[in-house]
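*Asks:* Could you work out the structure for the sequence below:
(2 chains)
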Amino acid sequence: MPTAIPLHVNGRATRVTVDDPDMPLLYALRDNLGLHGPRFGCGLGQCGSCTVHLDGKAVRSCVTPLSAVGKKKIVTLEGLGKPDKLHPVQKAFIEEQAAQCGYCINGMIMEAVAFLASNKSPSDAQIKQALARNLCRCGTHLRVVRAVKRAAAGA
Amino acid sequence: MRFTKPSRRDFLKGTGALIVSFSLPSPSKTASAQSGTPANTGAKTVALDDVDAFLAIDRSGGVTLYSGKVDLGTGIGTALTQIVAEELDVPLARIQIVEGDTALTPAQGKTWGSLSIQNGGVQIRQAAATARHALLQEAAKRLGVPAEDLIVEQSAEQAAVRSRSVGKQVTYGELIGGKTFLLKVDKQAPLKDPTTYKIVGQPVPRFDIPGKMTGQFTYMQDFKVPGMLHGRVVRPAAIGATLLSVDENSVKDVPGLVKVVRQGNFLGVVAESEWGAIRASQKLKASWSNWEGLPEQSQLWEHVRATKVNKDDVTSNVGSAEPALEQATKRISATYNFAIHTHGSMGPSCAVAEIKEGKLTCWSSSQATHDLRQQLAAMLSMPDTDVRAIYLEGSGCYGRNGHEDAAADAVLLARAVGRPVRVQWMRADEHGWDPKGPPTLMDLQAGLDATGNVVAWYSQLYVPEGATGNVKLVAAELAGLPHETGMVPGNVIQNTAIPYAFPNVRTVAHRLAETPFRPSWIRAPGRMQNTFCNESFMDELAAAAGADPLEFRLRYLNDPRGVELLKRLASFSQWQSRALSGQSSSGQSSPKRDSGDIATGRGLTYIKYELARTYVGAVADVEVNRKSGEIRVKHFAVVQDCGQIINPDGVKNQVEGNVVQTVSRVLKEEVTFDRSRVTSLNWASYPILTFPEIPDVDIELIDRPTEKPWGAGEPSAAVVPSAISNAVFDAVGVRLRSVPFTPAKVLAAIQSA
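*Replies:* Numbering: from 1, shown residues only, chains lettered A, B, ... in the order given. So this is what the prediction gives:
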């Protein structure tokens, strides 16, 4: 039975029509709303590629049922900034060239933005701990840490 | 140096104007709708000896580079663009790149082996040099001056050829715009003098990165065509199981279900929505036969040793190793092994296929679209010419992972429903069904004389037979459709021969008739495993000879570039010599005599990749916890000589990535399985290195602008296992000869020491 579910995404109210209200948020964002920042990595909440913000908190959209979102405000990578108007963390990641394939980077940036909101001048060890549940296979970790540090220094 | 790069979508929109002079093959209507490309007849040349296969210049002077090598997330798209910008003197921002499209790009071979610059880039450079030469000749004619009077100058917009004597100029766009070169690539076409390079050798920022940081980049996983359905595969419960029955009623309530597709043992579902396809694949009840064809994991190495040997490859034979061993004063032997690994791409493999009017178009992240095209054509028993395979960048693959298999899955599902189908694997499909790096076993023996000189080296490697080619497609095999037979593990006997000049050396690879899982190449295939064995054993010999590991290697190295590299490594890493009897000049001994819970050590290692190209030396610093058996890799110092460097930041990014990824493989990774199937199906059961565990990596690049460019990525992966093993010996005096170096293995080694 198709159900319309209201969502607040990247500053705008919208709605998605789905067959299953328990469908993970990730598919609504990607398939219904055409947002490509959050990505499917594991579907198990293990890798972080699907990370979005719900009311500013970094959550795994692949294991967050639509029905649990409620009125929380969703922000995706696209909602942080655009190429001509970058978020400081996105800018720092570009300046550090902190990607190889970049498939996981959405999660790194979303996690880092949420983390930096609560810790303005983190140590390397704190950054690494904050990203401990975000996996990268290309081995871009060192650049990611440098980028988060650069973003913190510039903020 | 900053430049913006249009997105692929922008580029595709502009393609019609860009290559209007070409007669394009008729792409599918959806591709045409996507790209705005006019559906012409005829074909653009993709012949490797045609300049037009690689390059086109439009009326405004914009250049399109057609590359058969594809950017797998390594940054070669930017590096190849730099090569063209340099050789043609065209602004970087005016060059667009098309990668891995069988209708448009030359078959430059698979994107593997760190050969994209070394082979692909060099081919492209020669095509660009030929083009430049032709443009200068044409300009000389038009301007009525001798070619020697001409120089190429570039504005922000485009390059122009100017006469120094008369001051007149003509732009590339005016010279060639809208027309084809109709030239063969001239192997003698003069190349620019590398000492004049302005773009090659610079750390140009990657043009794909801003889009990737903002969600604007279109990955394979983001790609859609109109009318597209979503598919998921349902793999057999056991690798060799037969599908007995399918209960379609089990999914009849899934909204939007289009079809359950069954062909032989190939099973999949197609639905209107992605979530519908996922739910159907999870709910579908299927019955499979029992199959227990895998060995017991606990007996893996006995299984490998007992596997039938089909042939021996003798990879080096100097003097008479076996008699020399017999006569040696001191004989040392050891057995090394290296576990089965998965590629572990972060994004599971994905593809879209569409069949229209008997013609197949398949979008995938295949590292070899020209080969995939042949495989898909063979699977469907259709001519190659009716198949177009197009590359779209996906998640990094590090070798032949599941991308090609997902393509075949999409093709079978699309054929079954008569509409375009997108397939993305689930995590368990990727971990369970990507082809695996095969288990590797090596026995080594060496003999020393009374003064500690090596008089003999004899190694025997046990690896599956087969070399390079196309890995069979899972879907084709399951469906009983035509597919390759035989194993394709990659050229895994590379780097069995050693770079050291011992008087008697014999290295033999016993090629096995089978291996537990469909094998393929994963980053530095064979080179990594063999270098682990050789360089760790070399460290054992140095210790037995009471020699410093660095000095010991230099003693037997007759290669000036290798010697220079090791000396630079010594300086860069501040290597402290361990003199005879393990006493270093600083008074330290190796192994260390520290008695605390945490022991520290340093290990050194060296490779000349395939004994033919890139040199890498590395020093690892580790901490070993004697109580828990845990190893922390704290730091890697890497010195690399890959000849001419196109983009130093790109090379450093690759070296960092290769080191970090391989530390993960060495400390943690091992595919687990029962008698029927892979059991390490996600990141909990196949853990990889996490942020708190990463080492610092310092890199020194030896740039040789006037030398050939060599592979920049995987050679640095190959040195990592032995550097860690040797550092652990320095720390606690035990040899780790089995990857991964798990805490349990470390504790067992310490306790039995």
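
*Asks:* so where's chain A shaky on pLDDT?
*Replies:* A:155 (pLDDT under 70).

*Asks:* Now do the SS call for the closest residue to chain B within it.
*Replies:* Scanning chain A for proximity to chain B using CB to the nearest CB identifies residue A:101 as nearest, at 2.7 Å. No exception for glycine: its C-beta is placed from N, CA and C like everyone else's. Classification of residue A:101 by DSSP: H, G, I helix; E, B strand; the rest coil places it in coil.

*Asks:* Give the burial count for it, as a bare number.
*Replies:* 29 (other CB atoms under 10 Å in any protein chain shown).

*Asks:* Contact partners for residue 114?
*Replies:* Chain wasn't specified; assuming chain A. A:53, A:56, A:57, A:58 (CB atoms under 8 Å, 6 or more residues apart in numbering or on different chains).

*Asks:* hm, I was asking about chain B
*Replies:* Contacts of residue B:114 by CB under 8 Å, 6+ apart are B:609, B:614, B:710, B:711, B:712, B:713, B:714, B:715.

*Asks:* Isn't the third one up against residue B:608?
*Replies:* So that's residue B:710. No. Contact criterion CB atoms under 8 Å: residue B:710 and residue B:608 do not qualify, at 10.4 Å.

*Asks:* which residues are in contact with both of these two?
*Replies:* residue B:614.

*Asks:* if I look at residue B:552, how far off is chain A?
*Replies:* Remark: distance between residue B:552 and chain A (CB to the nearest CB, to the nearest Å) = 30 Å.

*Asks:* For that residue, identify the helix or strand it belongs to.
*Replies:* Take DSSP states H and E as the rule and residue B:552 turns out to sit in helix B:549-555.

*Asks:* quick one: contacts for the residue of chain B found nearest chain A?
*Replies:* Nearest residue of chain B to chain A (CB to the nearest CB) works out as residue B:73 at 2.7 Å. By CB under 8 Å, 6+ apart, the contact set of residue B:73 is A:99, A:100, A:101, A:102, A:103, A:138, B:393, B:395, B:396.

*Asks:* most neighbours, which of these?
*Replies:* That'd be residue B:395 among these, by other CB under 10 Å, with 32 neighbours.

*Asks:* how about that residue, what does it touch?
*Replies:* Contacts of residue B:395 by CB under 8 Å, 6+ apart are A:101, A:103, A:137, B:73, B:219, B:221, B:345, B:346, B:347, B:348, B:365.

*Asks:* Make JSON lines from those and add distance to residue A:120 and secondary structure to it.
*Replies:* As requested, the contacts of residue B:395 are arranged in JSON lines below (distance: CB to CB, whole Å; DSSP: H, G, I helix; E, B strand; the rest coil):
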{"residue": "A:101", "distance to residue A:120": "30", "secondary structure": "coil"}
{"residue": "A:103", "distance to residue A:120": "29", "secondary structure": "coil"}
{"residue": "A:137", "distance to residue A:120": "30", "secondary structure": "coil"}
{"residue": "B:73", "distance to residue A:120": "32", "secondary structure": "coil"}
{"residue": "B:219", "distance to residue A:120": "33", "secondary structure": "coil"}
{"residue": "B:221", "distance to residue A:120": "34", "secondary structure": "helix"}
{"residue": "B:345", "distance to residue A:120": "35", "secondary structure": "coil"}
{"residue": "B:346", "distance to residue A:120": "29", "secondary structure": "coil"}
{"residue": "B:347", "distance to residue A:120": "32", "secondary structure": "coil"}
{"residue": "B:348", "distance to residue A:120": "36", "secondary structure": "coil"}
{"residue": "B:365", "distance to residue A:120": "39", "secondary structure": "coil"}
